[in-house]
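J.: sequence? don't have it. structure:
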């Protein structure tokens, strides 16, 4: 859910040996993965698969598709590799706890897709590739959908979410579900990124005592640590871009309505967006093209007609920054972290040298007004209560059927559900009661300030293609008792507007990742992907995780 910062719902390719010096279990995990593949299947991994296992980041989607087409690696081999990597790195090893559940039928699905490849051909670029999805999406299989809550642990949906259906139609292997901030961060006003009663605490793979950020914590960590080929996250306000930045991966938060939310546990539908989290912009673009389209189950997608593209990779060009006009909104979105500012300044210089015209400053006129959360409280409380009650009341299973029953369940199981967090977020949403007229007025105000008088205004005034700013501060230390420290970020304008944003790796401060966010108007994903890809190629800022233990004084 990742609510606005002060609102009630959420405060408010390098060889593996490089990392092995600081994380010895990586080498043994690779060797074990290769060895146990022989034990379990009786067939040794192909040379290409052994090569993939030796890469901490793994091949990109297009490279894996090429290897599969050449019969150098199979979906079965790749799925087994990732399942064993999850076991040794996520469950054991550094214990990232990014994956809340693996699909017990993943290997069977991989074999079926291998057979289909041989007999009928491929469905698309994701055919046979293992994908992890955030634990907010219904899947009609033997996996649960719980939002990280014990209250939903026993239920299994009977109908796929549109997201899951799209992935299956594209031939992806649903490898499992990722951990998250419980109820997408909506359970508590206190900031507990990546913690859920069901999944425990997700850890940052760059420094294990650091926050993974929220709420798509597990998806971003899984992508960074190569526990899947790509992952799927959701965002209400920052829940894709912030964890992407904190874990040095690419996060795409599309325009609201570009991808269907049907069958997803929603938080604030006017802001909720579904998007890919991947290690490269190209991989994210490939996934994005498989998920878009009009869906009658989600009326918001009707607005995307004529605006979506089935192939976003055609917009990725090496000199994509040349001739672009990029604005730097310094007011509010700079100044909360000297480290983030320093990395952003370096990124801006990279873009200048790559041929972009930088307009600096290009402030969002309503930036300070957007930080006033009064209208956001109305919108989020009104929508979240109704969305949660709707999901609980209509989803099969023995579980709480309403928000009030959920609150009662948490009290009854406080020794586990409320071990570290209070449920003051859920209780506030339940207690606040706004009329439809109050809600409509607040939503209109949010849209006016963030759209016509905000992002649209500054883009029009300076004839800009996009705005660029640091995504957020370096990740702070995990603090389960008091909640993690959150210094600031740049997600609010796009969140309230329902506009797209992309965060890409930009650099490191004391080994901690920092991201750069590109924001544009509605349906500007092609432009943002072009700019983000070009910057990614120029900067080469991403590094593989180090799995570094806690540092004294850092």
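T.: Done, it's in. None of the values given here were measured: they were computed from a predicted structure.
J.: Tell me how many other residues surround residue 517.
T.: Burial measure for residue 517: 31 neighbouring residues, criterion other CB atoms under 10 Å. (Glycine included, C-beta is placed from N, CA and C.)
J.: That one and residue 397, how far apart?
T.: Using CB to CB, to the nearest Å, residue 517 is found at 38 Å from residue 397.
J.: Mind pulling up the pLDDT for the closest residue to residue 94 other than its chain neighbours?
T.: Nearest residue to residue 94, sequence neighbours excluded (CB to CB, 6 or more residues apart in numbering): residue 547, at 4.6 Å. Note on residue 547: pLDDT of 94.
J.: What ranges does the stretch 101-250 of the chain have for its strands?
T.: For the stretch 101-250 of the chain, the strands defined by DSSP state E, counting those that start in this stretch cover 130-134, 173-178, 195-196, 200-201, 230-235, 250-253.
J.: Dump these to CSV, plus mean neighbour count, mean pLDDT and distance to residue 327.
T.: CSV is the format used below for these (neighbours: other CB atoms under 10 Å; pLDDT from 0 to 100; distance: least, CB to CB, whole Å):
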stretch, mean neighbour count, mean pLDDT, distance to residue 327
strand 130-134, 29, 98, 31
strand 173-178, 28, 98, 34
strand 195-196, 30, 97, 36
strand 200-201, 16, 97, 38
strand 230-235, 30, 98, 22
strand 250-253, 34, 98, 19
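J.: Out of these, which is closest to residue 512?
T.: Across these, residue 512 has its closest neighbour in strand 250-253 (16.7 Å, CB to CB).
J.: what does the next helix or strand after the closest one rub up against?
T.: Counting by DSSP states H and E, the element after strand 250-253 in chain order, helix or strand, is strand 273-278. With contacts defined as CB atoms under 8 Å, 6 or more residues apart in numbering, strand 273-278 is touched by 61, 163, 216, 219-220, 223, 230-236, 240, 243-244, 249-256, 258-261, 264, 283-284, 287-288, 291, 498.
J.: how about low-confidence regions in this protein?
T.: Applying pLDDT under 70 to the chain flags residues 1-56, 551-554.
J.: now the closest residue to residue 498 other than its chain neighbours: how far from residue 346?
T.: The shortest distance from residue 498 to any non-neighbouring residue, by CB to CB, 6+ apart, is to residue 256 (3.6 Å). Distance of residue 256 to residue 346, computed by CB to CB: 32 Å.
J.: Which one of the two is surrounded by more residues?
T.: Per other CB under 10 Å, whichever of residue 256 and residue 346 has more neighbours is residue 256, with 27 against 15.
J.: wait, isn't that one in contact with residue 266?
T.: No: in this structure residue 256 lies outside contact range of residue 266 using CB atoms under 8 Å: 11.1 Å.
J.: hey, what's in contact with both of these two?
T.: Taking CB under 8 Å, 6+ apart as the contact rule, residue 256 and residue 266 both touch residue 272.
J.: What segments of the stretch 351-500 of the chain are helices?
T.: 367-370, 374-394, 403-412, 414-417, 424-431, 436-447, 456-462, 492-497 (DSSP state H, counting those that start in this stretch).
J.: highest average neighbour count across those helices?
T.: Between these, helix 492-497 has the highest mean count of neighbours, a mean of 27, where neighbours are mean count of other CB atoms under 10 Å.
J.: Name every strand pairing with the next helix or strand after it and say which way it goes.
T.: As assigned by DSSP H and E, the chain's next helix or strand after helix 492-497 is strand 501-509. Using DSSP bridges, the strands paired with strand 501-509 are strand 250-253 (antiparallel), strand 512-519 (antiparallel).
J.: Could you export the ones you listed as TSV, including distance to residue 118?
T.: As requested, the strands paired with strand 501-509 are exported to TSV (distance: least, CB to CB, whole Å):
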stretch	distance to residue 118
strand 250-253	33
strand 512-519	41
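J.: mind giving me TSV with the strands of the stretch 101-250 of the chain and columns for distance to residue 509?
T.: As requested, the strands of the stretch 101-250 of the chain are exported to TSV (distance: least, CB to CB, whole Å):
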stretch	distance to residue 509
strand 130-134	27
strand 173-178	26
strand 195-196	24
strand 200-201	23
strand 230-235	23
strand 250-253	19
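J.: between those strands, which one is nearest to residue 466?
T.: Among the strands of the stretch 101-250 of the chain, strand 250-253 comes nearest to residue 466, with 13.5 Å by CB to CB.
J.: contact partners of that closest one?
T.: Identification of contacts with strand 250-253 by CB under 8 Å, 6+ apart yields 216, 220, 233, 235, 240-241, 243-245, 273, 275-281, 283-285, 288, 491, 494, 500-505, 515, 525, 529, 532, 536.
J.: again, only this time at 7 Å
T.: 220, 233, 235, 240-241, 243-244, 273, 275-281, 284, 288, 494, 500-504 (CB atoms under 7 Å, 6 or more residues apart in numbering).
J.: Next: stretch 432-451.
T.: Applying CB under 7 Å, 6+ apart, the external contacts of stretch 432-451 come out as 8, 270, 366, 369-370, 375-376, 378-379, 381-382, 493, 496-497.
J.: From the chain's centroid, how far away is that stretch?
T.: Remark: stretch 432-451 is offset 27 Å from the chain centroid, using CA atoms, centre = their mean, to the nearest Å.
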